[in-house]
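**Student:** predicted model, plus sequence, below.
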Amino acid sequence: MSTVHVFEHPLIQHKLSILRDKTTSVKEFRELVGEIAMLMCFEATRDLPLEDVAVETPVATAHCRRLAGKKLAVVPILRAGLGMVDGMVAMIPSAKVGHIGLYRDPSTLEPVKYYFKMPPDIEEREVIVVDPMLATGGSAIAAVQFLKDAGVRHIRCMHIIAAPEGVQAMQKAHPDVDIFVAALDERLNDHGYIVPGLGDAGDRIFGTK
C-alpha cells in the first residue's frame, strides 16, 4: 500500500490557514498556492538520490553531493494544478512540465480527459502529479493511469488538501503511488467537495467565481 505523507511544517500550516479563509483575495490565494507547493516540494523530494562530486571553490576542493542524474517532471492536472507549477519549478528549475486536462462531469463526478501533452522522454522521468485538491480521487486516479499507459514507472502525487475518500480510492487504484498532502480533511459532502476544504481551488486561483 502506498504511503500518505501529511506535512505538519509550521510554515505550510500557517499559509494553509490563510488559503482556507473565504475572504482571501484571488491574488493572495494564487500566491499562497505557489508558496505552499514550493514548501511541499522541498519535503516531498527529500528522498531523491545523491551522488558525490568534487567542486573547486576559490579556496580548495569541496566534497559535495548533487542529484544523481534523476530526471524529473511536474505534471499539473488542469486547470487548478497550474497554480502549483511555478512553486515546483522554482525548486526544480530543470524539471520538464507536462499537462493533463481533465474535468469532472457534474452529474457523475467522473473525470473526462480533454488534453494530454508530455515531454518526449516522459517514460524516463520521475513524475510528480500536482493538483490542489484530492476529493473523490477520480481525476488523480485517471491522470496516473494515463501516465502509466505512457510508460511512466515512477510517480508520486502532491495535493494541498485531501479527503479520506480520495486517499482510499487512490491507494486502491494505485498502491504503488505515494501521496503527499498538507492536510487530510474530514470528508466529502454530497456535492463531492472537501469539508472543511477551501471551496473550488480552480475558481479561487483564477477568479472565475
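**Tutor:** Great, that's in hand.

**Student:** helices and strands around the longest strand seen in the chain, which ones?
**Tutor:** Taking DSSP state E as the criterion, the chain has its longest strand at strand 154-162. For strand 154-162, the elements it packs on are helix 10-20, helix 26-44, strand 126-130, strand 133-134, helix 138-149, strand 178-184, judged by 3 or more Cβ pairs under 8 Å, 6 or more residues apart in numbering; DSSP states H and E. The way it works is simple: take the backbone N, C-alpha and C, and place the C-beta from them, glycine included.

**Student:** tell me the helix or strand right after it.
**Tutor:** helix 164-173 (DSSP states H and E).

**Student:** list of residues touching that next one?
**Tutor:** Identification of contacts with helix 164-173 by Cβ atoms under 8 Å, 6 or more residues apart in numbering yields 1-2, 4, 134-138, 140-141, 144-145, 157, 177, 179, 181, 184-188.

**Student:** and the angle from the longest strand of the chain to helix 164-173?
**Tutor:** 170 degrees (axes from the mean of the first three to the mean of the last three Cα atoms, to 10 degrees).

**Student:** okay, now the sheet partners of strand 154-162, with direction.
**Tutor:** Paired strands of strand 154-162, with direction, are strand 126-130 (parallel), strand 133-134 (parallel), strand 178-184 (parallel) (DSSP bridges).

**Student:** so what's the gap between the last one and the chain middle?
**Tutor:** Averaged C-alpha coordinates place strand 178-184 at 9 Å from its chain's average position (Cα atoms, centre = their mean, to the nearest Å).

**Student:** strands paired with the very next helix or strand once past that strand, and their directions?
**Tutor:** Using DSSP H and E, the helix or strand that follows strand 178-184 in sequence is strand 187-188. Its sheet considered, strand 187-188 pairs with strand 194-195 (antiparallel) by DSSP bridges.

**Student:** so which elements touch the next helix or strand after the strand it pairs with?
**Tutor:** Moving toward the C-terminus from strand 194-195, the next helix or strand (DSSP H and E) is helix 201-206. In terms of contacts (3+ Cβ pairs under 8 Å, 6+ apart), helix 201-206 is packed against helix 26-44, helix 82-91.
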